[in-house]
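**Q** got a structure for you, letters missing:
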């Protein structure tokens with residue numbers, strides 16, 4: 001008996017029915033039964049063989065493109081509810097196979113080491129961008145703003161993300177390999193969910209039009225388009241919230257400008273994002289768009305845009321050390337700033353480690369600066385409607401060894417010096433306080449500066 005391979009485009013409901021018949025024909029349809037009490041003692045003794053045969057049958061009836069998306073799953077397929085999109089089909093496939101594996105929808109086992117390719121610096125993905133064909137690469141900022149890296153928060157230390165990498169030889173730069181190989185159109189289906197707020201008094205455009213996204217942030221209050229930020233920096237506590245398949249949990253800062261339909265955005269921080277990384281690790285993550293993610297933008301270097309210049313440290317790397325509840329707190333300190341000479345937007349971390357930059361050519365409204373800033377947490381729920389934890393997974397309080405925190409919120413306006421943000425310059429935005437929240441503490445002085453805690457357990461947070 002033969003059936004057509006499922007390629008993500010053919011009718012999924014029909015393929016599912018035929019797949020069930022095929023499994024029954026080969027006397028292994030029992031793998032679709034989650035309740036082991038319904039397995040006979042004889043069948044339980046042969047469960048390993050039954051699982052293996054069912055798994056092999058399913059693999060033989062999936063196309064290469066679908067197999068690339070599920071190549072780390074090692075258990076037989078269980079039938080799932082009918083859906084139309086490849087994303088929903090894959091979610092249910094992964095969910096059911098992981099349930100069979102006894103992991104309750106937990107994500108893939110993390111790889112022992114990050115995988116990356118060493119690419120000729122002049123042939124990296126960025127230069128496939130149509131606006132960068134004649135771009136002259138900038139190896140270093142023309143000048144570095146006055147910046148003091150502060151790791152003197154009591155019992156805290158930096159967790160630099162590149163120490164586990166050997167890096168690349170001269171003339172080459174590391175480009176992170178994608179663990180889950182989604183097409184660009186699929187990446188952009190999520191990209192629309194990653195913009196920040198559009199101003200103090202506006203309805204939040206994402207939570208009102210895009211389902212599943214939730215925020216617990218502080219945002220700049222200044223709405224004067226002539227008051228432009230040319231840089232921003234912050235300390236972010238490193239946590240590893242429990243994120244299930246197709247959920248996302250991030251802690252980051254946003255720099256944005258332009259009207260809603262043409263929004264330019266740069267976002268930097270950490271994320272637990274199984275969909276693009278294929279694991280549950282906390283990783284350095286960035287995102288950009290020049291048109292509210294309609295036709296441009298992506299994570300890290302997954303599309304042309306970001307220019308990598310450092311031979312070791314690169315976007316997508318995991319943080320090797322994560323904060324311990326009631327113990328030592330590990331932090332990261334991203335800094336994004338506009339080069340006064342070239343107009344490019346540079347990204348550096350911690351002790352002035354310059355990773356690379358977003359060229360000015362790819363933006364339409366960030367040429368002079370950003371009119372809007374935002375700091376905090378962002379989550380995206382899975383198709384079952386459940387939102388993941390944010391931050392430390394606990395609601396914020398005044399105990400920074402338990403709550404995830406932001407500290408040293410600093411901005412650059414015009415010149416080359418970072419200054420502390422003030423509580424009066426910030427508004428709180430939380431779209432569902434039953435799931436997440438923010439607690440601000442104002443300016444705390446030299447060690448913490450302007451600081452706040454945020455987070456929550458997530459759950460059934462609505463849309």
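**A** Received the coordinates, thanks. Not measured: the values here are computed from a predicted model. Numbering: from 1, shown residues only.
**Q** going forward, measure contacts and count neighbours with C-alpha atoms only.
**A** Fine.
**Q** which stretches of the stretch 101-250 of the chain form strands?
**A** 116-120, 156-158, 172-176, 213-220, 231-237, 248-257 (DSSP state E, counting those that start in this stretch).
**Q** relative to residue 50, which of these is closest?
**A** Of all the strands of the stretch 101-250 of the chain, strand 248-257 sits nearest to residue 50, with 34.0 Å by C-alpha to C-alpha.
**Q** ranges for the helices of the stretch 101-250 of the chain?
**A** Secondary structure of the stretch 101-250 of the chain (DSSP state H, counting those that start in this stretch): helices at 184-191, 205-209.
**Q** lowest-confidence stretch among those?
**A** When the helices of the stretch 101-250 of the chain are compared on average pLDDT, helix 205-209 comes out lowest at a mean of 35.
**Q** helix or strand with the lowest mean pLDDT in this structure?
**A** Across the helices and strands of the chain, mean confidence by mean pLDDT, DSSP states H and E is lowest for helix 205-209: a mean of 35.
**Q** can you pull the domain assignment for this protein?
**A** Split into domains by automatic domain parsing, the chain comes to 12-100, 116-455.
**Q** measure residue 446 to residue 374 for me?
**A** Residue 446 is 22 Å from residue 374, where distance means C-alpha to C-alpha, to the nearest Å.
**Q** which of those two has more neighbours?
**A** Set residue 446 next to residue 374 and count neighbours by other C-alpha atoms under 10 Å: residue 374 wins out with 23 against 11.
**Q** what is the helix or strand encompassing that one packed up against?
**A** Element membership for residue 374, per DSSP states H and E: strand 372-380. Contacts defined by 3 or more C-alpha pairs under 8 Å, 6 or more residues apart in numbering; DSSP states H and E place strand 372-380 against strand 213-220, strand 248-257, strand 450-455.
**Q** how big is the angle separating that strand from strand 213-220?
**A** 160 degrees (axes from the mean of the first three to the mean of the last three C-alpha atoms, to 10 degrees).
**Q** okay, now the unreliable bits of the stretch 101-250 of the chain?
**A** Low-confidence segments of the stretch 101-250 of the chain (pLDDT under 70): 101-114, 147-156, 158-165, 179-210, 222-226.
**Q** rerun that using 90 as the cut-off
**A** Where the stretch 101-250 of the chain drops to pLDDT under 90, the residues are 101-116, 134, 143-167, 176-212, 221-227, 244-246.
**Q** contacts only, for the nearest residue to residue 364 once chain neighbours are set aside.
**A** Among residues not flanking residue 364 along the chain, residue 290 sits closest, at 6.4 Å (C-alpha to C-alpha, 6 or more residues apart in numbering). Taking C-alpha atoms under 8 Å, 6 or more residues apart in numbering as the criterion, residue 290 is in contact with 262, 263, 264, 265, 296, 297, 362, 363, 364, 365.
**Q** hmm, 10 Å instead?
**A** Contacts for residue 290 (C-alpha atoms under 10 Å, 6 or more residues apart in numbering) come out as 256-258, 261-266, 296-297, 362-366.
**Q** quick one: secondary structure of residue 303?
**A** coil (DSSP: H, G, I helix; E, B strand; the rest coil).
**Q** ok, now how distant is it from residue 399?
**A** Residue 303 is 40 Å from residue 399, by C-alpha to C-alpha.
**Q** okay, the two: which has more neighbours?
**A** Using other C-alpha under 10 Å, the more surrounded residue of residue 303 and residue 399 is residue 303, with 17 against 11.
**Q** and the closest residue in space to the more buried one that isn't next to it in sequence, how many neighbours?
**A** Excluding its sequence neighbours, the residue lying closest to residue 303 (C-alpha to C-alpha, 6+ apart) is residue 125, at 6.6 Å. Look at residue 125: counted by other C-alpha under 10 Å, it has 19 neighbours.
**Q** quick one: residue 125 and residue 174 touch, right?
**A** No - at 11.0 Å, residue 125 does not count as touching residue 174 under the criterion of C-alpha atoms under 10 Å.
**Q** what sits in contact with each of these two?
**A** 119, 308.
**Q** show me the strands in the stretch 351-463 of the chain, by range?
**A** 353-358, 372-380, 404-412, 418-420, 426-430, 437-443, 450-455.
**Q** for the fifth one, which positions count as buried?
**A** Residues of strand 426-430 classed as buried under the neighbour-count rule (16 or more other C-alpha atoms under 10 Å) are 426, 428, 429, 430.
**Q** what mean pLDDT does it have?
**A** Mean per-residue pLDDT for strand 426-430: 93.
**Q** ok, now the last one?
**A** Within the predicted structure, the mean pLDDT of strand 450-455 is 94.
**Q** who does it touch, helix- and strand-wise?
**A** strand 213-220, strand 231-237, strand 372-380, strand 404-412, strand 437-443 (3 or more C-alpha pairs under 10 Å, 6 or more residues apart in numbering; DSSP states H and E).
**Q** mind checking which of those is nearest residue 136?
**A** For residue 136, the closest of those is strand 231-237, at 22.4 Å, according to C-alpha to C-alpha.
**Q** for the closest one, buried residues please.
**A** Here strand 231-237 shows 231, 232, 233, 234, 235, 236, 237 as buried, counting by 16+ other C-alpha under 10 Å.
**Q** which two of those residues have the greatest separation?
**A** Taking C-alpha to C-alpha as the measure, the buried residues of strand 231-237 span a maximum distance of 20.1 Å, between 231 and 237.
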